[in-house]
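Enquirer: Sharing a model prediction with you, sequence too.
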Amino acid sequence: MSDILLTHSYFLKFDPKQWKAQKPYPPLGTLYAASVLKKNNFDVAFHDVMFDESTNDIKDFFQKHQPKLFVIYDDGFNYLTKMCLTNMREAAFEMAKIAKQNKCMVIISSSDSTDHTEEYFQNGFDFIIVGEAEQTLAELTRNLLNKNGELNSINGLRYVENNKIISTKKRENIRDLDSISFPAWDMVDMNNYKKRWLKSSGYFSLNMATTRGCPFKCNWCAKPIYGNQYHSRSPENVVEELKILKEKLQFDHIWFCDDIFGLKPGWINKFSELVSKNNLQLKFKVQCRADLLLDDENISALAFAGCDEVWIGAESGSQKTLDMMDKGINIKQIYEATKLLKKHKIKPCFFLQFGYTGETKSDIDSTLKMLFELMPHDIGISVSYPLPGTKFYDSVKENLKEKTNWTDSDDLAMMFESQYPQDFYKKLQKYVHKKFRQKQTEQVLKKVLLKKIFSFDYLKKLIRYPYYFFSFMPSTNETETI
């Protein structure tokens, strides 16, 4: 019998795009929670639903462990959970129902439950943890197992009492991240992750977080867990974990899943120095802002540490749109950062966003101009997604349609009355992807013909060239052709 059965609500099978890609990352946030619970001497059983066929698969674990508490602790470090996908919400509801059938109290920590509190309480959840959750979960677990009853003294908690939702005092974020024990990596069947990565990509990638939070205020970005605070682990602490993971799990690549990597002055230089000193020979990717990628010495240190890709939230090639988003960067910085990364052999990659309020055909053209002039290594395209708690959501909530969340990560539905019809943005996304790959293939062809450079990767791109060649810009309505 266990005190707790711990899981998360992201089922790879319920997200067709990600299931096809087969590039899964372990639920990092959940593993941090498991580690904290174990450190507090609770008996924790963990079940990873990542590869389950259905929510019914968890039934056997209730019978095996007979837990007193059932905890769904979602991985707040992964952008897929930040999307608040309805497929995963329904999975959480179904698992809560199973838990109730097994006479368990049900606890959840997730962005979605923070945003849709009443709906979660209506579907069997007893407690919702708000904000950074490890300490709250430990205190709540101790309270429930010891039957103390003093719930209102636990910060960061929501529960129902006398048919009324009670919200306790806000939990302060942890400032000293080095004080948190490393994730419970030993509780995951890592062979399953490794096997899928090797088959899909030829290498094995793991996820790590060096920070929590983001101090910037892009007005479409939801931050229900950490808010606008930003705290960082020390380079020494990060390298210590890397050494352990390298020895025990033999990864080939790391995704540092921070919202902003290396913001603290001097952090990247110290990290690079320690990576070299410990002979780690890393290859990794990060996410960062264009205005933080303008220092040649800093980018040189990033490259020396083993950075292979940097994903930049470029969003738009229109300064008007960036300013409306409160992005806090300018187009010149995107150009300069891209060129500097390429100079140091780091692959720049762009996140692009279409459909923001007020974006016109001219703004879209500016984005395409920037994209095809700079030609980053890769792109990710989305449409503006209004999530509760954001300034952007407040500005469009009067124009929201019936659907308020995406079903899966490939949904990309326009959930408010935008400038152009929804079908336009679907076709625009496909057009941009195909046109981008076409131009990439043309660059490869030039290298092969002029510089006599050839590789198997180049061959694959050349074979797909005819498919990329036929790409057509969509029209903004049924009669107008752009």
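Expert: Yep, it's here. Numbers count the residues shown, from 1 in each chain.

Enquirer: residue ranges for the helices of the stretch 151-300 of the chain, please.
Expert: For the stretch 151-300 of the chain, helices defined by DSSP state H, counting those that start in this stretch occupy the ranges 190-201, 235-249, 267-277, 296-305.

Enquirer: can you check the stretch 1-150 of the chain too?
Expert: Assigned by DSSP H, counting those that start in this stretch, the helices in the stretch 1-150 of the chain fall at 16-21, 28-39, 59-65, 79-82, 86-101, 111-115, 117-122, 134-146.

Enquirer: Reformat the helices of the stretch 151-300 of the chain into JSON lines and put mean neighbour count, distance to Glu119 and mean pLDDT next to each item.
Expert: Heads up, the C-betas are built off the backbone N, CA and C, glycines and all. Below are the helices of the stretch 151-300 of the chain laid out as JSON lines (neighbours: other CB atoms under 10 Å; distance: least, CB to CB, whole Å; pLDDT from 0 to 100):
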{"stretch": "helix 190-201", "mean neighbour count": "15", "distance to Glu119": "31", "mean pLDDT": "98"}
{"stretch": "helix 235-249", "mean neighbour count": "16", "distance to Glu119": "36", "mean pLDDT": "97"}
{"stretch": "helix 267-277", "mean neighbour count": "19", "distance to Glu119": "40", "mean pLDDT": "98"}
{"stretch": "helix 296-305", "mean neighbour count": "18", "distance to Glu119": "42", "mean pLDDT": "98"}
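
Enquirer: will you turn the ones you listed into JSON lines that also has distance to Leu140?
Expert: Converted to JSON lines, the helices of the stretch 151-300 of the chain look like this (distance: least, CB to CB, whole Å):
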{"stretch": "helix 190-201", "distance to Leu140": "29"}
{"stretch": "helix 235-249", "distance to Leu140": "27"}
{"stretch": "helix 267-277", "distance to Leu140": "33"}
{"stretch": "helix 296-305", "distance to Leu140": "39"}
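
Enquirer: For Asn143, find the nearest of those helices.
Expert: Across those, Asn143 has its closest neighbour in helix 235-249 (30.1 Å, CB to CB).

Enquirer: middle-most residue in the protein, spatially?
Expert: Central residue of the chain (CA atoms, centre = their mean): Tyr79, 1.7 Å from the mean position.

Enquirer: With the flanking residues excluded, which residue is spatially nearest to that one?
Expert: Cys257 (7.9 Å; CB to CB, 6 or more residues apart in numbering).

Enquirer: For Pro67, find the nearest of the helices of the stretch 151-300 of the chain.
Expert: Ranking the helices of the stretch 151-300 of the chain by their distance to Pro67 (criterion: CB to CB) puts helix 190-201 first, at 22.8 Å.

Enquirer: contact partners of that closest one?
Expert: 21-26, 50-51, 203-206, 249 (CB atoms under 8 Å, 6 or more residues apart in numbering).

Enquirer: what about dumping the CA coordinates of that helix to PDB?
Expert: Taking Å, rounded to 0.1, in the frame of the first residue of the first chain, the C-alpha atoms of helix 190-201 are listed here in PDB:
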ATOM      1  CA  MET A 190      13.900   5.600 -19.700                       C
ATOM      2  CA  ASN A 191      14.500   2.800 -22.200                       C
ATOM      3  CA  ASN A 192      11.000   3.400 -23.700                       C
ATOM      4  CA  TYR A 193      11.900   7.100 -24.300                       C
ATOM      5  CA  LYS A 194      15.300   6.300 -25.600                       C
ATOM      6  CA  LYS A 195      14.100   3.600 -28.000                       C
ATOM      7  CA  ARG A 196      11.500   6.000 -29.500                       C
ATOM      8  CA  TRP A 197      14.000   8.800 -29.900                       C
ATOM      9  CA  LEU A 198      16.600   6.600 -31.600                       C
ATOM     10  CA  LYS A 199      14.000   5.200 -34.000                       C
ATOM     11  CA  SER A 200      12.600   8.700 -34.900                       C
ATOM     12  CA  SER A 201      15.700  10.800 -34.800                       C
END
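
Enquirer: about what we covered before: from Tyr25, how far out is the residue nearest to the centre of the chain?
Expert: As judged by CB to CB, to the nearest Å, Tyr79 and Tyr25 stand 10 Å apart.

Enquirer: closest to Phe182 out of the helices of the stretch 151-300 of the chain?
Expert: Using CB to CB, the nearest of the helices of the stretch 151-300 of the chain to Phe182 is helix 235-249, at 5.2 Å.

Enquirer: what's the longest helix in the chain?
Expert: helix 422-450 (DSSP state H).

Enquirer: hang on, the residue nearest to Tyr79 packs against Thr211?
Expert: No - with contacts counted by CB atoms under 8 Å, Cys257 stays clear of Thr211, the gap being 9.6 Å.

Enquirer: Need the nearest residue in space to Leu140, chain neighbours excluded.
Expert: Leu140 sits nearest to Ile154 (CB to CB, 6+ apart), 5.6 Å away.

Enquirer: what does Asp408 give?
Expert: Nearest non-adjacent residue to Asp408 (CB to CB, 6+ apart): Asp15, at 4.6 Å.

Enquirer: what about the strands in the stretch 251-400 of the chain?
Expert: All strands of the stretch 251-400 of the chain, identified by DSSP state E, counting those that start in this stretch, fall at 253-256, 284-288, 307-315, 347-354, 378-383.

Enquirer: The longest one - what's its average pLDDT?
Expert: Strand 307-315 shows a mean pLDDT of 98 in the predicted model.

Enquirer: do the shortest one as well
Expert: Across strand 253-256, the average pLDDT comes to 98.

Enquirer: So what are the sheet partners of that strand and their directions?
Expert: Its sheet considered, strand 253-256 pairs with strand 205-208 (parallel), strand 284-288 (parallel) by DSSP bridges.

Enquirer: how about the CA coordinates for it, as PDB?
Expert: What follows is strand 253-256, C-alpha atoms only, in PDB (Å, rounded to 0.1, in the frame of the first residue of the first chain):
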ATOM      1  CA  HIS A 253      21.300  15.700 -26.500                       C
ATOM      2  CA  ILE A 254      19.700  18.000 -24.000                       C
ATOM      3  CA  TRP A 255      16.700  20.300 -24.400                       C
ATOM      4  CA  PHE A 256      17.000  23.000 -21.800                       C
END
